[in-house]
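**Q** I would like the atomic coordinates for the input below:
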Amino acid sequence: MTGRAPRRPKRVATTLAHGGRHPELFDGAVNTPVVRASTILSPSLAEWEAKLARMLAGEPGTYYGRFGTATSHGFEEAVTQLERGHGTIAFPSGYAACAAAILSQVSTGSHVLLPDSVYFPVRKLASGLLARMGVVCTFYDPTLTPAALADLLRAETRLVYLEAPGSLTFEMQDVPGIAALCRSRGVSTAMDNTWATPLCFRPLEHGVDLSVQAATKYVVGHSDAMLGYVACGSREVLAGLRRTHEDLGYATSPDDAFLGARGLRTLEVRLERQGATGLALADELARAPEVERVLHPARPDDPGHALWKRDFSGACGLFGVVFEPLPRAALEAFVDALELFGIGASWGGYESLVMPMDPARFRTATRWSYGGPCLRFHAGLEDPSDLLDDVRGALAALRRAR
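**A** Below is the predicted model:
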């Protein structure tokens, strides 16, 4: 993508509104159009050869549909400005972005450290494809200090993966401390930052090498597209990620990239509303005697609150609730009484969601110490008072069923 370069760095809201847009290249169209293409023609043999040379040198450009068109390039440009990185590559899903970030850093014989709270598909990647490749993965307690984590590093450790907070159990990690440790040992770091988005936390500014985002969630924001991206902290990391992207044959739909770029324009106002609503819901549930603990790092009673307050500038609308031991009928009564919370996976869209979860099933390095049922909530864009009333009604239904 070419066009006028920004004269000076812009504040976040301005970057979201203007990043990656070049109306002067598209007859004044305020949004970059959806460009669907496989073949990209050259007007002459000389231009074909010059374009091929630029592609082989890794220079950005439009060479073939699988490598992206103006639509995905505009989205990537906007994300790079937002993440304050050296470059971004879009992927066809958040999981594809997670997998590519890891694969770009490892080879046979490599060792990888993964938090025990990691996104479940990444856990499957560790026991599946990575194991078949001869990559050894060790799961670690996500609450370890950098000094304690240092004891797990090996000579063959190539990557430490982070996810803070975890998307099921919401443990915080000392991201700057771990990144500094790894950099001193020549170990790369990658972080799944989907919960915070780059509006509430920018991993690259804290020393992380690869910032991963399931853009399906808050970036798209409307539950109607699959999209991921990885933003890179250096040109070397970007080059390695691009090789992996090409080796695996990933291709991002221009329609989904368009929806990702559109979602960026309203991300700040949506996230501000959803973060505030999520915290209000978490506080309401924390007051219920049937609730043992609310999992939300922005709450002062959360074990990870000090790290969140130090490093993060805000929160999203996703949090967890651990109930006291309940009869199955009481839990069913609570969930089924919710009128405004759909039962389903994913999050980050405009709609509110609730989903049962069993963290004990996905632990190997740590023990989940709570015995009661767990639910994960996502606060959408409905009126906060209506959502609070819905939760109060569900609590009343739970009490009637006990």
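**Q** What is the helix or strand that contains Ala97 packed up against?
**A** If you go by DSSP states H and E, Ala97 is part of helix 94-103. Judged by 3 or more CB pairs under 8 Å, 6 or more residues apart in numbering; DSSP states H and E, helix 94-103 is in contact with strand 87-91, helix 120-127, strand 188-192, strand 210-213, strand 228-232, helix 235-248. (Each C-beta comes from the backbone N, C-alpha and C, glycine too.)
**Q** angle of that helix against helix 235-248?
**A** Relative orientation of helix 94-103 versus helix 235-248 (axes from the mean of the first three to the mean of the last three CA atoms, to 10 degrees): 120 degrees.
**Q** and for helix 94-103, what are the contacting residues?
**A** Contacts to helix 94-103, defined as CB atoms under 8 Å, 6 or more residues apart in numbering, come from residues 89, 91, 112, 119, 121-122, 125, 129-130, 159, 161, 190, 192, 194, 210, 212-217, 226-230, 241, 244-245, 248, 250.
**Q** Repeat the analysis, applying 6 Å as the threshold.
**A** 91, 121-122, 125, 190, 210, 212, 214, 216, 228-230, 244 (CB atoms under 6 Å, 6 or more residues apart in numbering).
**Q** So Val321 lies in a strand, does it not?
**A** Yes: judged by DSSP: H, G, I helix; E, B strand; the rest coil, Val321 forms part of a strand.
**Q** Need the three-state assignment for the nearest residue to Glu77 once chain neighbours are set aside.
**A** Closest residue to Glu77 apart from its sequence neighbours, by CB to CB, 6 or more residues apart in numbering: Gly20 at 4.1 Å. Here Gly20 is coil, with the state taken from three-state DSSP.
**Q** Within its local environment, how many residues does Gly20 see?
**A** 28 (other CB atoms under 10 Å).
**Q** got it, and Thr244?
**A** Per other CB under 10 Å, the neighbour tally for Thr244 reads 19.
**Q** Now do the same for the closest residue to it other than its chain neighbours: its pLDDT.
**A** Excluding the flanking residues, the one nearest Thr244 by CB to CB, 6+ apart is Ser104, at 4.1 Å. In this model, Ser104 is scored at 98, pLDDT.
**Q** Cross-check the contact I'm expecting between Ser104 and Gly240.
**A** Yes: in this structure, Ser104 is within contact of Gly240 by CB atoms under 6 Å, at 4.6 Å.
**Q** neighbour-wise, which of those two wins?
**A** Using other CB under 10 Å as the criterion, Ser104 and Gly240 rank with Ser104 on top: 26 against 19.
**Q** how close does the more buried one get to Asp209?
**A** Ser104 is 10 Å from Asp209, where distance means CB to CB, to the nearest Å.
**Q** circling back: buried only: go through the contacts of helix 94-103 for me.
**A** 91, 122, 125, 190, 210, 212, 214, 216, 228-230, 244 (16 or more other CB atoms under 10 Å).
**Q** Sounds good, over and out.
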